[in-house]
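Student: give the three-dimensional model of this entry:
(one chain, ligands or ions: 1)
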Amino acid sequence: MANLCGCGETAKCRTSWTQFNLGRRFLGCPNFMDPTRNCNYFRWVDAPLPNRWYQGTMYQLHVNLVNAQDQVVQANNQNSRTAFYNRVLIVLIIRMLLVRLI
Ligand SMILES: [Zn+2]
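Tutor: Next up is the predicted model:
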């Protein structure tokens, strides 16, 4: 059975990424950004995290994951730039060799 919000629409299930409710799912109005609707439907799906230690640990793991993802993106960008410069260098070397052969 679908959960309907005050607008009569099916509430969307999302995941909280705030420090004290990290990874905790909730249902919310799909129109929550629309001020003309004035629908504040909100309901937690998951139980609260057990204690502050657990919340802090989950938050630190989340921060570590986000930082690691950023590092992967930066490494991929660096690899793309290096591959591009390597191709340019190979083309220049081949041209130099061809000029000397002719
Ligand atoms: Zn609504």
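
Student: so where do the strands sit in the chain?
Tutor: Counting by DSSP state E, one finds strands in the chain at the ranges 12-15, 25-28, 42-44.

Student: and the ion, which of those strands is closest to it?
Tutor: Among these, the nearest to the ion by C-beta to the ion is strand 25-28 (8.2 Å). Yep, even glycine has a C-beta here, placed from its N, CA and C like the rest.

Student: can you report how many residues neighbour residue 29?
Tutor: A total of 21 residues lie near residue 29 under the criterion other C-beta atoms under 10 Å.

Student: pick the most deeply packed of the strands of the chain.
Tutor: strand 25-28 (a mean of 16; mean count of other C-beta atoms under 10 Å).

Student: what's that strand packed up against?
Tutor: For strand 25-28, the packing partners by 3 or more C-beta pairs under 8 Å, 6 or more residues apart in numbering; DSSP states H and E come out as strand 12-15, strand 42-44.

Student: could the strands of the chain go into JSON lines alongside distance to the ion and mean pLDDT?
Tutor: Converted to JSON lines, these look like this (distance: least, C-beta to the ion, whole Å; pLDDT from 0 to 100):
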{"stretch": "strand 12-15", "distance to the ion": "10", "mean pLDDT": "94"}
{"stretch": "strand 25-28", "distance to the ion": "8", "mean pLDDT": "95"}
{"stretch": "strand 42-44", "distance to the ion": "10", "mean pLDDT": "94"}
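
Student: CSV for these, including distance to residue 64?
Tutor: Shown next, in CSV, are the strands of the chain (distance: least, C-beta to C-beta, whole Å):
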stretch, distance to residue 64
strand 12-15, 18
strand 25-28, 21
strand 42-44, 25
